[in-house]
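Asker: Sharing a sequence plus its predicted fold:
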Amino acid sequence: MIFASLFASLFLPFGLQYSIPAAVAVFFLKLFAIAAAVALIEVNTAKLRLFKVPNLLGIAIVFAFLSLITFYVLGA
């Protein structure tokens with residue numbers, strides 16, 4: 001909350017010239033927009049990780065079979 005407030009105040013400085021109630025409302029709207037953007041980014045990165053799981057499992061299975069073949073070929 002503190003970092004979002006600092007970000008809103010430093011990088012989105014509009015809305016400070018209004019009266020106190022309007023400025024507070026604009027400030028909370030800016031915080032809501034920042035929270036929505038962060039949530040959207042977090043959801044998308046989680047989806048990307050989830051979609052990579054089948055590829056990683058396939059690679060792991062291939063390496064497991066290669067290690068078994070190598071083990072039996074070398075007779076270790």
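Answerer: Right, received. Where do you want to start? Numbering: from 1, shown residues only.

Asker: which helices and strands sit right next to the top helix by length along the chain?
Answerer: Using DSSP state H, we find that the single longest helix of the chain is helix 20-74. Here helix 20-74 touches helix 2-11, going by 3 or more Cβ pairs under 8 Å, 6 or more residues apart in numbering; DSSP states H and E. For the C-beta atoms, the positions are set from N, CA and C on the backbone; glycine is no exception.

Asker: helices or strands up against the helix it packs on?
Answerer: Packing partners of helix 2-11 (3+ Cβ pairs under 8 Å, 6+ apart): helix 20-74.

Asker: which stretches of this structure aren't confidently modelled?
Answerer: Flagging of the chain using pLDDT under 70 yields the residue ranges 76.

Asker: again, 90 this time
Answerer: 1-29, 34, 41-56, 72, 74-76 (pLDDT under 90).

Asker: and stretch 23-37, which residues are buried?
Answerer: Residues of stretch 23-37 classed as buried by neighbour count (16 or more other Cβ atoms under 10 Å): 26, 27, 30, 31, 34.

Asker: show me the contacts for residue 5.
Answerer: Applying Cβ atoms under 8 Å, 6 or more residues apart in numbering, we find residue 5 in contact with 27, 31.

Asker: which of the buried residues of stretch 23-37 lies closest to residue 57?
Answerer: Using Cβ to Cβ, residue 34 comes nearest to residue 57 of those, at 36.0 Å.

Asker: Thanks again, I'm all set now.
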